[in-house]
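*Asks:* following is a predicted model, sequence given first.
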Amino acid sequence: MGRFQAAGWLAALVGLCCGAGTGVALEAPAKAEPKAEAVARYEVETHVNLAYRTDKEADAEKHRLDVYVPKGAKDFPVVFFVHGGTWRSGNKGMYAPVGLALAKCGIGAVVINYRLSPKVQHPAHVEDVARAFAWAVANVATYGGRADRLFLCGHSAGGHLVSLLALDEQYLKAVGRSVKDVTGVVSVSGVYSILPEFALFHPIFGKDAEVCRLASPLTHAAGKHPPFLLVYADKELPGLDKMAKEMDAALTKAKCEVALKEIKDRNHISIIVGAAGPSDPLSAAVREFVTRHTK
């Protein structure tokens, strides 16, 4: 990514994602397509504000997650969702419609909080995601889900975090898990390269070039990895489409199963807002990816 292209992306990212982190919940598009009801066939049970960390250092708000399950179903796959917001804003409650939409279609969802910058710096964010994922592996069966059918999913900064978790196994190993616990990864409008020369990243990752290199998922796309679905909007923030294509090329070179998908008529925010609707193309792509890898 060129210097000026990256600078434009960073400026837009601050404006869009910080604005999106105001605590306003996502809503599905007002006009649902007729086929939506044919897809959404379950009532939903919700379990909110469950603690995934309980030691004396636990954050009473950020070390919490919500679980959405299709009522009456058993042995269903589960999507583990991590929100975006430039690693500085956002919360799980904003994405309740995404969890509800998945559960209505027979897929469980775990939607998490994690600590945010500037209160913490990398690697605290991904360490929290790893700890929450370990909780999911240990506990989703209690709610009817399959621990061996867990999918990572994240948007924007969340796409960065789930990709890093799947590609750099040290964070999973630190909580007693491994990449074998990840059935697949869906990264939506993800950030795959951390650029130390830009001030936006400094409160999150610091200024050290090696730290930023190792915090970049693209750095680690070189071994045996779970299947990936990389998604971006056709009106994406400048540079994020190029990052997705670079990640696709790196995973392909590593002989990893990977698919790259552009969602038409969406931008960096509307791509995830639309996912609350079961007939939305992103929602359909996630369901198809999950179904294909759980047969």
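*Replies:* Now that the structure is in, tell me what you want to look at.

*Asks:* going forward, measure contacts and count neighbours with C-alpha atoms only.
*Replies:* OK.

*Asks:* now the helices for the stretch 1-150 of the chain?
*Replies:* Counting by DSSP state H, counting those that start in this stretch, one finds helices in the stretch 1-150 of the chain at the ranges 3-20, 36-39, 96-104, 124-139.

*Asks:* so what's D181 closest to, chain neighbours aside?
*Replies:* Nearest residue to D181, sequence neighbours excluded (CA to CA, 6 or more residues apart in numbering): D148, at 6.4 Å.

*Asks:* again with K264
*Replies:* Counting by CA to CA, 6+ apart, the nearest residue to K264 once its immediate chain neighbours are dropped is D234, at 5.2 Å.

*Asks:* what of N113?
*Replies:* Nearest in space to N113, with sequence neighbours left out and distances taken as CA to CA, 6+ apart, is K62 at 4.9 Å.

*Asks:* ok, the one you found touching R115?
*Replies:* Yes: counting by CA atoms under 8 Å, a contact exists between K62 and R115, whose distance comes to 5.4 Å.

*Asks:* which of those two has more residues huddled nearby?
*Replies:* R115 (22 against 19; other CA atoms under 10 Å).

*Asks:* quick one, what contacts the more buried one?
*Replies:* Neighbouring residues of R115 by CA atoms under 8 Å, 6 or more residues apart in numbering: 59, 62-63, 124-125, 128.

*Asks:* repeat for C212
*Replies:* C212 makes contact with 194-196, 205-206, according to CA under 8 Å, 6+ apart.

*Asks:* is it possible to mark the buried ones in those residues?
*Replies:* Neighbour-count burial within these applies to 194-196, 205; the criterion is 16 or more other CA atoms under 10 Å.

*Asks:* give me the neighbour count for the residue nearest to K235 when sequence neighbours are not counted.
*Replies:* Beyond its immediate neighbours in the sequence, the residue positioned closest to K235 (CA to CA, 6+ apart) is N267, lying 4.6 Å away. Number of residues near N267 (other CA under 10 Å) recorded here: 17.

*Asks:* with L260 instead?
*Replies:* Neighbour count for L260, taken as other CA under 10 Å: 15.

*Asks:* mind jotting down where the helices sit in the stretch 151-295 of the chain?
*Replies:* In chain order, the stretch 151-295 of the chain shows helices spanning 157-167, 170-173, 202-205, 209-214, 240-253, 270-273, 281-292, with DSSP H, counting those that start in this stretch as the criterion.

*Asks:* point out the most buried one among those helices.
*Replies:* Greatest average neighbour count among these goes to helix 157-167 (a mean of 27), per mean count of other CA atoms under 10 Å.

*Asks:* quick one: it to helix 240-253, angle?
*Replies:* Counting by axes from the mean of the first three to the mean of the last three CA atoms, to 10 degrees, helix 157-167 lies at 10 degrees to helix 240-253.
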